[in-house]
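Undergrad: Sharing a model prediction with you, sequence too.
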Amino acid sequence: MTLLYTEVEEELRASVRDLLTDRCPADAVLKRVESEAPYDMDLWKTLAGDIGVAGLLVPEDYGGAGASAREVAVVLEELGRAVAPLPFFTSSVLATKALLSVGEEDLIQELASGEATAALAVSLAASPYRPLPETVTVTDGGLLNGEIRAVAGADVADVLLVPVGTALYRVEAENARIEVLPSLDLTRPIATVTFSDTPASALGGLDVRSVLNFGAGLLASEQLGVAEWCLGTTLAYIKERRQFARPVGSFQAIKHRMADLWLDVVRARAAARNAADLLSPPDGVEAAGGRELAAAVAKSWCSEVALHVAEESVQLHGGIGMTWEHPVHLYLKRAKATEIALGTPGAHREAVAALADLPAPV
Amino acid sequence: MTLLYTEVEEELRASVRDLLTDRCPADAVLKRVESEAPYDMDLWKTLAGDIGVAGLLVPEDYGGAGASAREVAVVLEELGRAVAPLPFFTSSVLATKALLSVGEEDLIQELASGEATAALAVSLAASPYRPLPETVTVTDGGLLNGEIRAVAGADVADVLLVPVGTALYRVEAENARIEVLPSLDLTRPIATVTFSDTPASALGGLDVRSVLNFGAGLLASEQLGVAEWCLGTTLAYIKERRQFARPVGSFQAIKHRMADLWLDVVRARAAARNAADLLSPPDGVEAAGGRELAAAVAKSWCSEVALHVAEESVQLHGGIGMTWEHPVHLYLKRAKATEIALGTPGAHREAVAALADLPAPV
Amino acid sequence: MALDEEAVRERAVAFLAAHDPAGDRLEFLRARFDAGLAWVHFPEGLGGLGAARELQHVVEHELAGTPQINPGLQTIGLGMAAPTILAFGTDEQRGRFLRPLWTGEEIWCQLFSEPGAGSDLATLGTRAVRDAGEWVVDGQKVWTSGAHHSRWAILVARTDPDVPKHRGLTYFVCDMHAPGVEVRPLRQITGEAEFNEVFLTGVRLGDDLRLGEIGDGWRVAQTTLMNERVAIGGAPVKRGGGMVGLLSEVWRSRPEARTHDLHQRLLRLWVEAEVTRLAGTRLREQLSAGQPGPEGSGMKLAFASLNQALSGLDVELRGEEGLAYDDWTFRRSEGVDFVGRGSGYRYLRAKGNSIEGGTSEILRNIVAERVLGLPSEPRVDKDVPWKDLPR
Amino acid sequence: MALDEEAVRERAVAFLAAHDPAGDRLEFLRARFDAGLAWVHFPEGLGGLGAARELQHVVEHELAGTPQINPGLQTIGLGMAAPTILAFGTDEQRGRFLRPLWTGEEIWCQLFSEPGAGSDLATLGTRAVRDAGEWVVDGQKVWTSGAHHSRWAILVARTDPDVPKHRGLTYFVCDMHAPGVEVRPLRQITGEAEFNEVFLTGVRLGDDLRLGEIGDGWRVAQTTLMNERVAIGGAPVKRGGGMVGLLSEVWRSRPEARTHDLHQRLLRLWVEAEVTRLAGTRLREQLSAGQPGPEGSGMKLAFASLNQALSGLDVELRGEEGLAYDDWTFRRSEGVDFVGRGSGYRYLRAKGNSIEGGTSEILRNIVAERVLGLPSEPRVDKDVPWKDLPR
């Protein structure tokens, strides 16, 4: 294991970053999020197919790249850095991880190639540490009824993967009602998914908790990317922007805050790398506890750091940071939404209490 | 009600401060705390008798000044500001408040005049929100057995007031074993008090909880005094001390921290004043809840502010702040000890939860 | 000798006896102004009685239930323009502007901030050049609330670029109906446009619209800004009210959302809100007979930080619901709506609290220097002509 | 070509075959130095083999169980004096000093800090004046650990007061047995004296004790200080170990002391300790083949803040017990004892972590300027002769 990036990982990062720099600059994202098509599915085809990120988690036998959570994490860093409106996390991480555990070969292949997109139909606010609310039921005839709120990526999914009890069901998205809501995070809108006697096929048993845990541990890398963009953009701005005939970044109070933010981000990077590393195979003996702990540590730390850096970034941009025209608000909104996503920092610290033997008061 | 200081209060403050400036400067305190007599009982006679602070809480009928918690708070501010090794808080506040509620006239008069000194034999770490540990028992013949740890002011008390169950007992200090421990707070050492078949007289029923709550609310004013000394002394130091050919206090990072500390202290003053005001008669209808809430708010806020300002004061003094020779450590130690005394900030916030209807998770 | 409480009350009672509050609203307000009952501490003839400021409440008490002005719409006029016109205006200016300002017949806005001059207001670059007894103004202003329905603006512009920045400014009243004034809504991160950008292109202002001496604009502006900050930090709230009250209600109504992490953070914020409230009360007691001082900057600092923490916690504890937003529509709004809008709006809008009306960084400088007496930093821009400053 | 791992191992094995570790300890250590197995990255003849630094572990592995040096007592010598002597010493100086420094026959201390020069070390005022081929040193130093049993000190003194402060310094080896050197224990807020004040009165040092050029002392001192900070932030710990481990043990053993307030704070600190540990691991991976860089300053910052928070929480959660202190006796100690002493000692001693070896304020400046590339503040002392600086 290493907490550094391997050469292969750095190459993957470079391809993704080049593509995003070219096709997904901040002003384009800003225009897109209020359009009819907030997701850039053309870009997604290129990224998924040509660069092959959609199949990173998928074994080569299934047409994937047979890579690990480490590479996925690098892609997430870059997507976070660009607040890219793409279904990578929802389809290629959450949905794919769920499918891999039920072994649904055909669909996995379609997802891996980028031909199809899926979404795991759970609330983005679902915690890996609490049972999912049971809002969907299955009729004897295998039809689904009920609704799931705050689902991310559903609006661009071809297929919905619906956990009901301990089983996973497949629903063609066109058969469900998917209503997108105005969302705090403009670049990853949420939707309410409704089933009424919707045909579904049972795919097998799923421990959804472990999928959410895996997702939470990797979301930390996306948060790291958000934090890095905010830190870098703010640094560039305060080196340039002058007040009182000096660069704002020459004022000591600002410098000290930047140093503290940097230190937080340095630690976020280590925590996110550690989670990505431990969430990658091989799964050793007694590795499960270590994996969960690493994910909980990374998600709780990176959530707070991304949010704090984004908030400081708005502040240090002054008035311009409060305008719609400057992209920093997209990052603030992403950071705030991912704080809530897949377990709040507090929920993950509660898990740390159990995993690190720091019992709560009785 | 007012949160300002009245003219009478300012006059009282001036007399106390003049006396302490003259007789209780920091270097004298520093020398005294490691001597055989850490308390300055000569100074106490002057302060208690001539200025009359010992009888502030005592009605005029009992030979006191018939003043209120407001005046007591002003004296505590000054004693905190001087980290004065005097038994005012232990004898004239805690013990006197307990005696007033059992109505023990003779002893009250002795305390009010400063002729005698008493201590309420409870742990300084006792919380107003938990039952006292029952470590002392009474024999049928009225003798006490057991021990009470971490009692402040016991070593200079003539009389110990011992709560046992719901009753208060009087013990002559010479009949108990009082062993002073090396204490974190050098200016208010703690002792273990041991009784073995010690003669005692029952004084009546006592709600020790309300005495501790009263004490906690007023301790906030002592903490305010500690914070004010630290803030003022640090300000003076950083205006004077030069680094890089500039006063340290001209560096913006330092200035901003000082501004934040000042804001904390401004709010500590308002909170401490509010508690002192509400802890003063008249006790209105529904005033009890408001009193308890004011005390809890003041003690939790002022504890953390005093400690934070003292810690920052050490830091901003640099190396000299780490030396025994500079008095700032006495304030740090007092601040840390009073954080624990009569309910930690967390314990008081828990009380706020109940009093402000902010229920805990179930 | 100034009027006492009883005399002020008599004036109000007499006024009410002579004017029917059920009649024409505007007539009533104009008459009230003329009777000196608009702001009693202003001089006679200018809507006041030359009485003590604290006696205003006597008038308000007697005239409760009668037609009232609209303090929300008139904030800038009442809080910033009026005290400045009173302090620096000529008799003609005071006579011309104050009455319709108070009645609300003429709305005012503020043209101070510029994209290039935020905290460092004195570096602003909007030029005013003399031309045949008039001033020709060119430049761009920003963060102007109410510009689109304002009749007048208070404006600071540079009249001399050859002297150090604080010395080359002049203060004007700007005619918002003059040719060359263009107002564009400025969208914020909340989605709405509460403010505007104002483009000034060859705007001609008569010299009678100048407020104070040529080159004295910085000093005039200080009066305006001092009054602004007091207004921001100053409103009294009751215990457990305001933003912490909103959050407490959510907490009480959602037992299923409670966790110990959230609870501990809520309790800390509740205590902080309470001590901040008490400090505000204490400050108002201190100021009740005095003038606005730099201590008010501390209250604004505390208010911004609390609002941000409380609104952030609110979004978080709502969980799933916090992922939604009520409305991103780009539309104008007249001000901040912390109560009627959703938690996401509050969270985003509160971010502005530490920027508008003096950033928290500037306020900390002010506290450090003016309250605590700490030395200023080495300045590199004090003695350099404005035109030679690095940008 | 430098030796590879196998070659280093062979040397160690050969050395062990030729020298009995059960014999005289000092003889064994001297021989080990002479065999180049003291610090393999040092040059041959100076205790090393000119090999890569990372290969030291091969030697340590082979020589485990043999007589060892005392890294605690020798910290300053090994960590600060040795790299500086290697980098700037003459052949004679390297030959004279390094061997007994490494074996521990001669203990070293550091004479840098002065009461008037803390973070601004370059402003120090201890004078060294030339006199008949020698230097006469007068001044006062402070925060000198181990001065009372040191044979030598590294010393920075001012040799030219007429040039700007960074340019008038010279670096010396000070003979701690020379007449005029007086060592007094300096009591700290913990009660004990871990450091000393050192008074230098007419101390005569030969010019052969000068390290580096006259006037080049600041540059020489940078080498020393860079090595110090890496040492402070650098020790690897296991997950949940170190100070957070001490606190966790207390937590587990005292169910009755647990509250939700304490629990939430403990969990936050545990997470922070863990991410800091991981960042340290990552930094060591980055540095494993490289040189100490400014990133290490960040680790020291984090370490200081964590130690302070953890030790403060420890005292608080002990409650009644936290009100007591283990021992206030004024006595010398050889270093920090975070494990053997009480929680009050840890709390007080940790306060020094953000002051010693570069204050947290200075470290934030370093991170901001050297890591993040932010511009320095306007400097008022760069070009002024030292003697004319305001004090």
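TA: Structure's in. What do you need?
Undergrad: Which residue of the chain lies farthest from its centroid?
TA: Since no chain was named, I'll use chain A. Within chain A, the residue lying farthest from the chain centre (CA atoms, centre = their mean) is A:Ala245, at 41.3 Å.
Undergrad: To clarify, I was referring to chain C.
TA: C:Glu256 (40.5 Å).
Undergrad: Who's the closest spatial neighbour of the residue farthest from the centre of chain A, skipping the chain neighbours?
TA: Leaving aside its sequence neighbours, A:Ala245 sits nearest to C:Asp381 (CB to CB, 6 or more residues apart in numbering or on different chains; 3.6 Å). All C-beta spots, glycine's among them, are computed from the backbone N, C-alpha and C.
Undergrad: so who does the one you found touch?
TA: A:Phe244, A:Ala245, A:Arg246, C:Thr123, C:Pro164, C:Lys165, C:Leu389 (CB atoms under 8 Å, 6 or more residues apart in numbering or on different chains).
Undergrad: For the stretch 1-150 of chain C, which residue gets nearest to chain B?
TA: Nearest to chain B in the stretch 1-150 of chain C, going by CB to the nearest CB, is C:Ser119, at a distance of 12.7 Å.
Undergrad: State the three-state secondary structure for that residue.
TA: Under DSSP: H, G, I helix; E, B strand; the rest coil, the three-state class of C:Ser119 is coil.
Undergrad: any idea how far chain D is from the nearest residue to it once chain neighbours are set aside?
TA: In this structure, C:Ser119 finds its nearest non-sequential neighbour in C:Ile362, 4.8 Å apart by CB to CB, 6+ apart. Separation of C:Ile362 from chain D (CB to the nearest CB, to the nearest Å) stands at 18 Å.
Undergrad: For C:Ile362, report the pLDDT, please.
TA: pLDDT, C:Ile362: 95.
Undergrad: so it touches C:Leu121, yeah?
TA: No: taking CB atoms under 8 Å as the definition, C:Ile362 is not a contact partner of C:Leu121, at 9.5 Å.
Undergrad: Looking at those two, which is more packed in?
TA: Neighbour count, other CB atoms under 10 Å in any protein chain shown: between C:Ile362 and C:Leu121, C:Leu121 has more, with 20 against 17.
Undergrad: so what's that one up against?
TA: By CB under 8 Å, 6+ apart, the residues touching C:Leu121 are C:Phe112, C:Ser113, C:Val156, C:Ala221.
Undergrad: Assign the third one to one of the three secondary structure states.
TA: Just to be clear, that refers to C:Val156. Three-state assignment for C:Val156 (three-state DSSP): strand.
Undergrad: Is any residue of stretch C:180-199 near chain A?
TA: Yes: using CB under 8 Å from any CB of the partner chain, stretch C:180-199 reaches chain A at C:Leu186, C:Arg187, C:Gln188, C:Ile189, C:Gly191.
Undergrad: That stretch: which residues count as buried?
TA: Across stretch C:180-199, burial judged by 16 or more other CB atoms under 10 Å in any protein chain shown covers C:181, C:183, C:185-199.
Undergrad: If you average the pLDDT over it, what comes out?
TA: pLDDT averaged over stretch C:180-199 gives 97.
Undergrad: Much appreciated, bye for now.
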